[in-house]
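Undergrad: Pasting the sequence and the predicted model now:
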Protein chains: 2
Amino acid sequence: MSVVGSRLTFRLLHADGAARRGEIVTPHGSIQTPVFMPVGTLASVKTLTTEQLKQLAPEIILCNTYHLMLRPGVDLLERLGGVHRFMNWDRAILSDSGGFQVFSLASIRKVREEGVEFRSHLDGSLHFLSPETSIEIQTRMGVDIAMALDECPAFGLSYADLERSLDLTHRWAARSLKARDESAPALFGIVQGGIHQALRKRSVEEIAGLDFDGLAIGGVSVGETKEEMLDVVRFTAPLLPHERPRYLMGMGTPEDLLDCVAACIDMFDCVLPTRNARNGSLFTSRGKIAIKNAQYAQDDRALDPDCSCLTCRTVSRAYLRHLFVSEEIAGLVYNTIHNLSFYLDLMRSVRQSIASNSFAAFREAFLLQLTRERES
Amino acid sequence: MSVVGSRLTFRLLHADGAARRGEIVTPHGSIQTPVFMPVGTLASVKTLTTEQLKQLAPEIILCNTYHLMLRPGVDLLERLGGVHRFMNWDRAILSDSGGFQVFSLASIRKVREEGVEFRSHLDGSLHFLSPETSIEIQTRMGVDIAMALDECPAFGLSYADLERSLDLTHRWAARSLKARDESAPALFGIVQGGIHQALRKRSVEEIAGLDFDGLAIGGVSVGETKEEMLDVVRFTAPLLPHERPRYLMGMGTPEDLLDCVAACIDMFDCVLPTRNARNGSLFTSRGKIAIKNAQYAQDDRALDPDCSCLTCRTVSRAYLRHLFVSEEIAGLVYNTIHNLSFYLDLMRSVRQSIASNSFAAFREAFLLQLTRERES
């Protein structure tokens, strides 16, 4: 089963229960799904040189339109050959629409039918983002996959206000598709609707009815409880058309990823591995480690005995703790390399297990080991 | 001409005027001189993983006894197999004695015949460093070259006080040698004496008369003017015994290095390339660049067209400026890689030019290019 667009091809290779094994082909190479996309907000996956990122070998990364339109600006990015050339990255890039950051970071805003007016969180300067300008910016940045601008409704909105917001998102979705020219990247639409099944269903019908290259579920990483969020994904994802890639935005923990692969999601992004790395919170096959803890001061073992990343191959927990408590930048780099490796390895294992019809068993074993009493 | 010690061998390979081309052999490989030693204060060359450091391929790095005795502490370092194993570094390491930081960083201190009592700049805890404890700590850290504890006199001391300080340094030097056991590293003595030729001469006579494996000139990187400092080096270095390596501590700019190679210095260390990198001040063959400047915002060229480091090979000035003004950690890493490459490449060229009897011409051409009008 496959859908061939002008800009993106998705092939569904195998299914194991609801979990899907697929391949997305972009102008910058193919992407094996389910996939985790490291976040490179400002055209840099935080703390890593592009060389180090290449050694981790993700097939796609994400960058943030909001941040990049403010710094260094799209004029500059276009003049210098786009984000790929700017950061010397030759694999695929997905950019968000800018909407999420406008609604969460920007200080003052006015939402109109036409678009959203906001002030930069950096210098208070006034900016305007519409479905059309978002597509234009993402096109000029030269990314492989763009996202349609949506309204990200504040948590706790009334049902009626949520409906109004949803309708606006749907009108913006249609305008986003119309705004594309032939140089535009592949474009994904975003399903909203909060925790209300009726609204999510209506949003799927609207968004899936449009000619998007892929479909995303938005609005699940903020506000709701973990159970509500998973309920939304479990309800919404199966409603999405089978033949297009499904992207769950801004999620999540390793457990979340496994839960949502089981709910037939193909693509993920999240700042968790990189942000946690900089806070000294490290993912391992035996659970999370707060590397600053005194118990690691003399611990000569690898951070994760089951990991073969540069960090685990070359230095000890004691060294990582020393760097972290001494506020050495190299500690943040080592931590980031490990946490991203952990996520990328996890998704590699997920893909293998789906291919061999053993995803459920893999997931169970992984979660069991994760919650197992940590070795002393 | 060579001197063979139990722990270190120095061979003088060639001389070009006063400039010397030599080789130091340590338990962790040989070192081609003149050499610049990157500073790895806390068992980490700031911002770099050891893997990245290995790609820069310095043959020796420096670490700081004062910082490491406070964090992570020598007990821990010894238990974990020494600094080499701790940071996964397999080439040579030189440690300072701790004296310089005690006299410049520690908050309260008492200098006695026996040693120096000081409070940690981190937590105010009380510590004691004597010639004997310094040697013991450096031995337990497992370094290849240790430095004898000296008193670093405050700038502006009277001649009489400077003499008293110098006598103490000389008595400490003799005690340092006596404190070594068979597991101790090679040991260098330090010549002090401020800007007074008579005191420097007396210090050389005392220190060179002892059985040190190498000789260092201390007390030139603080307080004095650049010209006074160079005068001290030009006066002192030629007095040092020909057959042992000469190490100028804590210096300096690229110009300083060339000046001091011309004054027959063999070894250098300085935080300048790494610290400047983190401040966005970058060395190039055309002079220094403040990468934050707006003039680089759209500059698509390599940082230094004459450099082949990872940074210059893979990203532009515009990208480096973007990372720096956006406070992205990766920018500090790229900057550090370049600045260290610049220093290491410079010393490589210096060694080649000495070997081919063209050091004076090389130095002149380098300084000419450095001061040339920067390309617009």
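TA: Looks like it came in fine. Residues are numbered from 1 along each chain as shown, chains lettered A, B, ... in the order given.
Undergrad: need the residues of the stretch 251-376 of chain A near chain B, please.
TA: Within the stretch 251-376 of chain A, the positions near chain B by C-beta under 8 Å from any C-beta of the partner chain are A:297-298, A:300, A:310, A:314-316, A:318-319, A:322-323, A:325-326, A:328-334, A:337. Every C-beta, even on glycine, is put in place using the N, C-alpha and C of the backbone.
Undergrad: Select only the buried ones of these in ChimeraX?
TA: Only the buried entries of these go into this ChimeraX selection, using 16 or more other C-beta atoms under 10 Å in any protein chain shown:
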select /A:297,310,314,315,316,318,319,322,323,325,326,328,329,330,331,332,333,334,337
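Undergrad: Strands of the stretch 101-250 of chain A, residue ranges please.
TA: A:109-111, A:116-119, A:126-129, A:145-147, A:186-191, A:214-217, A:246-248 (DSSP state E, counting those that start in this stretch).
Undergrad: List the contacts of the residue located most distally from the centre of chain A.
TA: Farthest-out residue of chain A from its mean C-alpha position, per C-alpha atoms, centre = their mean: A:Gln298, at 35.8 Å. Going by C-beta atoms under 8 Å, 6 or more residues apart in numbering or on different chains, A:Gln298 touches A:Ala318, B:Leu76, B:Arg79, B:Leu80.
Undergrad: what does A:Ile145 give?
TA: Contacts of A:Ile145 by C-beta under 8 Å, 6+ apart are A:8, A:26, A:60, A:92-95, A:185-188, A:213-214.
Undergrad: go with 10 Å
TA: Residues in contact with A:Ile145, defined by C-beta atoms under 10 Å, 6 or more residues apart in numbering or on different chains, are A:7-8, A:24, A:26, A:28, A:31, A:37, A:60, A:62, A:92-96, A:138, A:185-188, A:213-214, A:216, A:245, A:247, A:267.
Undergrad: Give the other helices and strands that the host helix or strand of A:Thr311 contacts.
TA: Using DSSP states H and E, A:Thr311 sits within helix A:310-314. Under the contact definition 3 or more C-beta pairs under 10 Å, 6 or more residues apart in numbering or on different chains; DSSP states H and E, helix A:310-314 sits against helix A:50-56, helix A:317-325, helix A:329-355, helix B:50-56.
Undergrad: Tell me which of the contacts of A:Ile145 fall in helices.
TA: Using DSSP state H, the subset of the contacts of A:Ile145 located in helices is A:Gln138.
Undergrad: Just the buried ones from the contacts of A:Ile145?
TA: A:7-8, A:24, A:26, A:28, A:31, A:37, A:60, A:62, A:92-96, A:138, A:185-188, A:213-214, A:216, A:245, A:247, A:267.
Undergrad: Quick check: A:Gly82 touching A:Ile137?
TA: No: if you go by C-beta atoms under 10 Å, A:Gly82 and A:Ile137 don't touch, sitting 11.5 Å apart.
Undergrad: Show me which of these two is the more surrounded one.
TA: Using other C-beta atoms under 10 Å in any protein chain shown, the more surrounded residue of A:Gly82 and A:Ile137 is A:Ile137, with 23 against 18.
Undergrad: how close does the more buried one sit to A:Gly40?
TA: Distance of A:Ile137 to A:Gly40, computed by C-beta to C-beta, to the nearest Å: 16 Å.
Undergrad: Sort out for me which of the contacts of A:Gln298 are in strands.
TA: Using DSSP state E, no member of the contacts of A:Gln298 falls in strands.
Undergrad: what ranges of the stretch 251-376 of chain A fall below the confidence cut-off?
TA: Scanning the stretch 251-376 of chain A for pLDDT under 70 picks out the ranges A:373-376.
Undergrad: Quick check: closest non-adjacent residue to A:Ser341.
TA: A:Cys309 (3.5 Å; C-beta to C-beta, 6 or more residues apart in numbering or on different chains).
Undergrad: where do the helices sit along the stretch 151-300 of chain A?
TA: Using DSSP state H, counting those that start in this stretch, the helices of the stretch 151-300 of chain A run over A:159-178, A:197-208, A:226-236, A:254-262, A:272-278.
Undergrad: next one: the last one to chain centre, how far?
TA: Okay, so that is helix A:272-278. Relative to its chain's centre, helix A:272-278 lies at 13 Å (C-alpha atoms, centre = their mean, to the nearest Å).
Undergrad: buried sites along it?
TA: Applying 16+ other C-beta under 10 Å to helix A:272-278 flags A:Leu272, A:Pro273, A:Thr274, A:Asn276, A:Ala277, A:Arg278 as buried.
Undergrad: What is the nearest of the residues you listed to A:Ala173?
TA: Taking C-beta to C-beta as the measure, A:Ala173 lies nearest A:Leu272 of these, at 27.4 Å.
Undergrad: Would you mind confirming that that closest one makes contact with A:Gly250?
TA: Yes: the criterion here is C-beta under 10 Å, and A:Leu272 meets it with A:Gly250 at 9.3 Å.
Undergrad: which residue sits closest to the closest residue to chain B within the stretch 101-250 of chain A, ignoring its sequence neighbours?
TA: Nearest residue of the stretch 101-250 of chain A to chain B: A:Leu122, at 9.4 Å (C-beta to the nearest C-beta). Leaving aside its sequence neighbours, A:Leu122 sits nearest to A:Leu70 (C-beta to C-beta, 6+ apart; 5.8 Å).
Undergrad: I'd like to know how many residues surround the one you found.
TA: 22.
Undergrad: Contacts only, for it.
TA: So A:Leu70 contacts A:42, A:64, A:98, A:101, A:105-106, A:120-123, A:125, A:127, B:326 (C-beta under 10 Å, 6+ apart).
Undergrad: The same query, at a cut-off of 8 Å, please.
TA: A:Leu70 makes contacts with A:Ser120, A:Leu122, A:Ser125, A:His127, as judged by C-beta under 8 Å, 6+ apart.
Undergrad: Sort out which one of these lies nearest B:Thr50 for me.
TA: When the contacts of A:Leu70 are compared for distance to B:Thr50 (C-beta to C-beta), A:Leu122 wins out at 35.1 Å.
Undergrad: Make sure that closest one is actually in contact with A:Gly73.
TA: No: counting by C-beta atoms under 8 Å, A:Leu122 sits too far from A:Gly73 to count as a contact (11.6 Å).
Undergrad: Can you verify my assumption that A:Ile217 contacts A:Pro245?
TA: No: between A:Ile217 and A:Pro245 there is no contact under C-beta under 8 Å: 11.8 Å.
Undergrad: Deepest in the core, which of the helices and strands packed on helix A:310-314 is it.
TA: helix A:317-325 (a mean of 24; mean count of other C-beta atoms under 10 Å in any protein chain shown).
Undergrad: which secondary structure elements does that one contact?
TA: With contacts taken as 3 or more C-beta pairs under 8 Å, 6 or more residues apart in numbering or on different chains; DSSP states H and E, helix A:317-325 sits against helix A:329-355, helix B:82-87.
Undergrad: and of those helices, who's closest to B:Glu227?
TA: helix A:329-355 (35.4 Å).
Undergrad: sorry, back to before: tabulate the helices and strands packed on helix A:310-314 (TSV), appending distance to B:Thr133.
TA: Converted to TSV, those look like this (distance: least, C-beta to C-beta, whole Å):
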stretch	distance to B:Thr133
helix A:50-56	40
helix A:317-325	21
helix A:329-355	28
helix B:50-56	28
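Undergrad: And for the residue most central in space within chain A, nearest residue in space, chain neighbours not counted?
TA: With distances taken as C-alpha atoms, centre = their mean, A:Asp269 lies nearest the centre of chain A, 1.5 Å away. Sequence neighbours aside, A:Met37 is the residue nearest to A:Asp269 in space, at 4.2 Å (criterion: C-beta to C-beta, 6+ apart).
Undergrad: Over to A:Asp259?
TA: Counting by C-beta to C-beta, 6+ apart, the residue nearest A:Asp259 is A:Leu230, at 5.7 Å.
Undergrad: what about that neighbour, neighbour count?
TA: Residues near A:Leu230, counting by other C-beta under 10 Å, number 20.
Undergrad: distance of it from A:Ile217?
TA: On the measure of C-beta to C-beta, A:Leu230 and A:Ile217 end up 12 Å apart.
Undergrad: and the helix or strand A:Phe10 falls within, which residues are buried?
TA: Using DSSP H and E, A:Phe10 sits in strand A:9-16. Going by neighbour count (16+ other C-beta under 10 Å), the buried part of strand A:9-16 is A:Thr9, A:Phe10, A:Arg11, A:Leu12, A:Ala15, A:Asp16.
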